[in-house]
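Visitor: structure for this input, please:
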Amino acid sequence: MNHPRGRESSGAAAFDRITPEYFLPALEDALACRLTGLASALPSYINRVYEIEAATGERLVVKFYRPGRWTREAILEEHEFLWDCDGEEIPVVPPYELETDSTLGELDGVFFAIFPRMRGREVELEQDETLERVGSLLGRIHACGERRSAPHRLRMTPASFAEAAMRRIFESGAVDPSCEQELIDLCDAILDLAEAVYPPDDAMIRIHGDFHRANVLDRPGTGLMAIDFDDMVAGPPVQDLWLLLPGTLSESKRELDVILAAYEVFRPFDRASLRLVEPLRAMRMMHFLSWCAVQSGDAGFRRQYPDWGTREFWRRETADFRIQLENIRRALDGKDYSWNR
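Guide: Purely as a prediction, here's the structure:
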């Protein structure tokens, strides 16, 4: 779901050559502490992330933000949200304040932040007790999120989040000509339906943006913790909810009811907004394609997506969007789930 925002910065070349030898001395200065030589790369789709170690033995995580994706102000709003949550004792991982009196450092035009290393396992959502705990965590995050705005973050609307992403795809020439017109027509139809049911601007709050189970750690003896706010946006709260579900709304009634019962202890939830789930799913599909186009030149991308950009790839994508359009129509006709109970 990630997608670069704005103009590529002068740090793009530096980002490509980030190595431990290059960044460890700068991180020692930023933290005013000695580091060992440990620098283990961690999986990350778009940023550069490493586990490092202080001389005291404390393990840390440094995240180098891909240049051009977020502005300084937008990244600081992510950090602000984390510290707001931490101030309300919501289990998240806020970044350290550096010697510059900011949580955001810069190395040759590349922004970075340093976090404590938190360990845990991916949450399992099969049991009602765990679903209740996740619902409570999400309700607390959203209650905090609505108390302050984030004017520099992306607003998750059909136009800014999805239409703009697909326009970049079509203008890039990446789509196979045999599929292009049908894909354009499908996306236009999907976005028209999404616009018709989308909530007003004042319903947008700070949300996690990518709140699936891999971004919730289960830490035995401590509890659940939300991680990776890199995709934080101003958007409808239901975006963070549907990613937790095992299937469509009609397939996930039990899980949805349990999560919402716990969520609503901390914040009301507009059940009419559940009609956004299938449009949001389609918008995420569009945004993912835009992310693929941006990442397609990276060395590891082709290994993970070897058929990206081929005719067969675009035929599959077109078929998926065709199915998703029907799913949206079915949901908006009330055939998928009764959200006004």
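
Visitor: now do the helices in the stretch 151-300 of the chain.
Guide: Using DSSP state H, counting those that start in this stretch, the helices found in the stretch 151-300 of the chain span residues 164-172, 177-197, 238-242, 253-263, 277-295.

Visitor: now those helices as a markdown table including mean pLDDT, distance to residue 33 and mean neighbour count?
Guide: In this view, the C-beta of every residue, glycine as well, is placed from N, C-alpha and C. Output for the helices of the stretch 151-300 of the chain, formatted as a markdown table (pLDDT from 0 to 100; distance: least, C-beta to C-beta, whole Å; neighbours: other C-beta atoms under 10 Å):
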| stretch | mean pLDDT | distance to residue 33 | mean neighbour count |
| --- | --- | --- | --- |
| helix 164-172 | 89 | 41 | 17 |
| helix 177-197 | 96 | 48 | 16 |
| helix 238-242 | 97 | 35 | 23 |
| helix 253-263 | 97 | 40 | 18 |
| helix 277-295 | 91 | 34 | 22 |
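
Visitor: now render those as a markdown table, adding distance to residue 220.
Guide: A markdown table is the format used below for these (distance: least, C-beta to C-beta, whole Å):
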| stretch | distance to residue 220 |
| --- | --- |
| helix 164-172 | 39 |
| helix 177-197 | 40 |
| helix 238-242 | 24 |
| helix 253-263 | 20 |
| helix 277-295 | 31 |
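
Visitor: which one of these lies nearest to residue 72?
Guide: Residue 72 lies closest to helix 277-295 among those, at 20.1 Å (C-beta to C-beta).

Visitor: the closest one vs helix 253-263, what angle?
Guide: Helix 277-295 and helix 253-263 are oriented at 90 degrees to each other (axes from the mean of the first three to the mean of the last three C-alpha atoms, to 10 degrees).

Visitor: and helix 277-295 with helix 177-197, angle?
Guide: Using the same axes, to 10 degrees, helix 277-295 lies at 140 degrees relative to helix 177-197.

Visitor: might you calculate how far helix 277-295 sits from the centre of the chain?
Guide: Counting by C-alpha atoms, centre = their mean, to the nearest Å, helix 277-295 is centred 11 Å from the centre of its parent chain.

Visitor: packing partners for that helix?
Guide: helix 164-172, helix 177-197, helix 238-242, helix 311-332 (3 or more C-beta pairs under 8 Å, 6 or more residues apart in numbering; DSSP states H and E).

Visitor: what's the second one packed up against?
Guide: Which is helix 177-197. Against helix 177-197 (3+ C-beta pairs under 8 Å, 6+ apart) you get helix 164-172, helix 277-295, helix 311-332.

Visitor: export those to TSV and append columns for distance to residue 58.
Guide: Listed next are those as TSV, based on distance: least, C-beta to C-beta, whole Å:
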stretch	distance to residue 58
helix 164-172	39
helix 277-295	32
helix 311-332	44
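
Visitor: to residue 134, which of those lies closest?
Guide: helix 277-295 (16.9 Å).

Visitor: select the helix or strand of the protein having the lowest average pLDDT value.
Guide: helix 12-16 (a mean of 73; mean pLDDT, DSSP states H and E).

Visitor: what about residue 22, neighbour count?
Guide: 12 (other C-beta atoms under 10 Å).

Visitor: so which bits of the helix or strand containing it are buried?
Guide: According to DSSP states H and E, residue 22 maps onto helix 20-31. Buried residues in helix 20-31, counted by 16 or more other C-beta atoms under 10 Å: 20, 23, 24, 26, 27, 30, 31.
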